[in-house]
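In: coords below, sequence missing:
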């Protein structure tokens, strides 16, 4: 029986607008031969949400270094890593800031673990960010998207835009806490200003590395047809349906189980198969 010594190290680096990015690296101190995975969380998500720590340990047991981090404007603070509490930071978020953060983390990983291949995993909105990153950065060896969006503007309703511009703010609901979370109109301005640059489907066409698209067919947040849309833009991508899975593959927050949900177990196994 192989014995694992799973270690976890914390790191902080500078993110957008001088805000701090809090990250952690999970690894087996006897084996990190297989490379480094960087995980990018989704909208209203964070690195310690749900089953993310179990997933990190699972990949570490399989010989990977697993790096996850909170985007600098995720609204998660050093004092409370288990919830979105800094609504001011959350409101000030933009896609430019998020892409800057992802770039900072890739810089950190590639300079810290020089010869290690980098595999990028993005969930939901993090999938969109990862597609854009992978299309533009030769340091990424393989891309894996879990329940990815195909358009950043799908995160709000078109009819909200008028009010958003007029009042400078809209609110989105946190389904778990029912809290109304503010988004400043700078997010919309930033999106409109960089519409071509932030076009996920156009970026998908330019992916030249191996790409695995995983998506549940019972995802009510981002329909399975979105995964098909992405796959149609990049015919060399591999798409796999997770039968009966929802947007978070059966996880919830807080997640108290010691084993991964069945659907998430399928996701990590398919991901591992793809990067091995």
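Out: Everything's here; your move. From a predicted model like this one, the values you see are computed outputs, not experimental measurements.
In: So in that sheet, which strands flank the helix or strand of the chain with the lowest mean pLDDT, and in what orientation?
Out: Least confident helix or strand, the chain: strand 169-173 with a mean of 93, by mean pLDDT, DSSP states H and E. When pairs are called by DSSP bridges, strand 169-173 turns out to pair with strand 180-184 (antiparallel).
In: how far does the strand it pairs with sit from the chain's center?
Out: Here strand 180-184 is found 20 Å from its chain centre; the criterion is CA atoms, centre = their mean, to the nearest Å.
In: Show me which positions of stretch 99-115 end up buried.
Out: For stretch 99-115, burial by neighbour count (16 or more other CB atoms under 10 Å) applies to 99-102, 104-106, 108-110, 113. The way it works is simple: take the backbone N, C-alpha and C, and place the C-beta from them, glycine included.
In: hang on, the earlier thing: and the least confident helix or strand of the chain, how far out from the chain middle?
Out: 21 Å.
In: swap in stretch 22-42?
Out: Distance, stretch centre to chain centre, for stretch 22-42: 14 Å (CA atoms, centre = their mean).
In: now swap in stretch 234-250 and tell me
Out: The answer for stretch 234-250 is 15 Å, by CA atoms, centre = their mean.
In: returning to what we had before: return the subset of the buried residues of stretch 99-115 lying in helices.
Out: Those of the buried residues of stretch 99-115 mapping onto helices are 99-102, 104-106, 108-110, per DSSP state H.
In: hey, where'd the helices end up in the stretch 101-250 of the chain?
Out: Here the stretch 101-250 of the chain has its helices, by DSSP state H, counting those that start in this stretch, at 125-136, 161-167, 186-193, 200-205, 224-233.
In: still on that earlier bit, show me what counts as buried in the least confident helix or strand of the chain.
Out: Using 16+ other CB under 10 Å as the test for burial, strand 169-173 gives 170, 172.
In: Residues contacting that strand, please?
Out: Strand 169-173 is contacted from outside by 44, 91, 155-156, 160, 163-164, 179-185, using CB atoms under 8 Å, 6 or more residues apart in numbering.
In: Not counting its neighbours along the chain, what's nearest residue 274?
Out: Among residues not flanking residue 274 along the chain, residue 212 sits closest, at 4.4 Å (CB to CB, 6 or more residues apart in numbering).
In: who touches that neighbour in this structure?
Out: For residue 212, the contacting residues are 142-145, 237-240, 270-271, 274, by CB under 8 Å, 6+ apart.
In: pLDDT below threshold where in the chain?
Out: Along the chain, segments meeting pLDDT under 70 span 1-4.
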